[in-house]
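Chemist: Could you work out the structure for the sequence below:
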Amino acid sequence: MSIANEITKIKSSLPPTTTLIAVSKTKPVEDLQQAYDAGQRVFGENKALEMRDKHEALPNDIQWHFIGHLQTNKIKYIISYVSLIHSIDSLNLLKEVNIAATKKNRVVDCLLQFHIANEDTKYGLLLHEAHELLNSAEYKAMNNIRVVGVMGMATFTDNREQIRQEFKNLKNIFDQLKEQYFAESNCFKEISMGMSDDYSIAIEEGSTLVRVGSAIFGKRNYAV
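Modeler: Numbering: from 1, shown residues only. Below is the predicted model:
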């Protein structure tokens, strides 16, 4: 498969309101460079050290999105350059990101990750936990993070209707939070949902960010 051809094909299928994140985890720098040369500028990684190394090796106009479960002791490796953290699943993690961003004199954009799948293996907030977070004094005192939307992962299943309902649920969560907490914020606009096998459904249900890896780069290298 040609990485450049796949990038072009996928981008041509996206509406102007949806951004493609090339999920490059486990892939070598050479593959990312091919995608870059084809015009791709937004890349997603799920390991902080791997993302740091790739950031250092590749052009500095790349937007790096952290899409995996973020351990607090790894924040320091990405905080100075990360464009968007998709995976905020607790108040404590958000606090630690805010502390690290303060030290770098940055305001870092973040998404609240929600548990929408019918699986126990996925991370994410429940809606009442998000309300507790957004109503907390700790959150309201944070000046170096900006919550700009929501993220979720659908169940790994062939049941397309189940996937659609889970994406609808995330869109409903986004709408509730927008109305209750971010009605005056133009920045709260992102819905990160959809991956290689289901991004077309996600777009139909309102996704603004699709996280596509294997459809661009081929199967993931699990040995890495």
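
Chemist: Which secondary structure state is assigned to the most centrally placed residue in the chain?
Modeler: When CA atoms, centre = their mean is applied to the chain, the residue found nearest the centroid is H86 (3.4 Å). In terms of secondary structure, H86 is strand; the call rests on DSSP: H, G, I helix; E, B strand; the rest coil.

Chemist: thinking it is in contact with W64, fair?
Modeler: No - with contacts counted by CB atoms under 8 Å, H86 stays clear of W64, the gap being 11.2 Å. Heads up, the C-betas are built off the backbone N, CA and C, glycines and all.

Chemist: list the residues that contact both of these two?
Modeler: Residues touching both H86 and W64 (CB atoms under 8 Å, 6 or more residues apart in numbering) are G44.

Chemist: Could you pull out the strands in the protein for me?
Modeler: Applying DSSP state E to the chain gives strands spanning 19-23, 42-45, 63-66, 84-88, 108-114, 145-152, 190-192, 209-212.

Chemist: possible to save these as a markdown table with mean pLDDT?
Modeler: Compiled in a markdown table, the strands of the chain are given as follows (pLDDT from 0 to 100):
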| stretch | mean pLDDT |
| --- | --- |
| strand 19-23 | 98 |
| strand 42-45 | 98 |
| strand 63-66 | 98 |
| strand 84-88 | 98 |
| strand 108-114 | 98 |
| strand 145-152 | 98 |
| strand 190-192 | 98 |
| strand 209-212 | 98 |
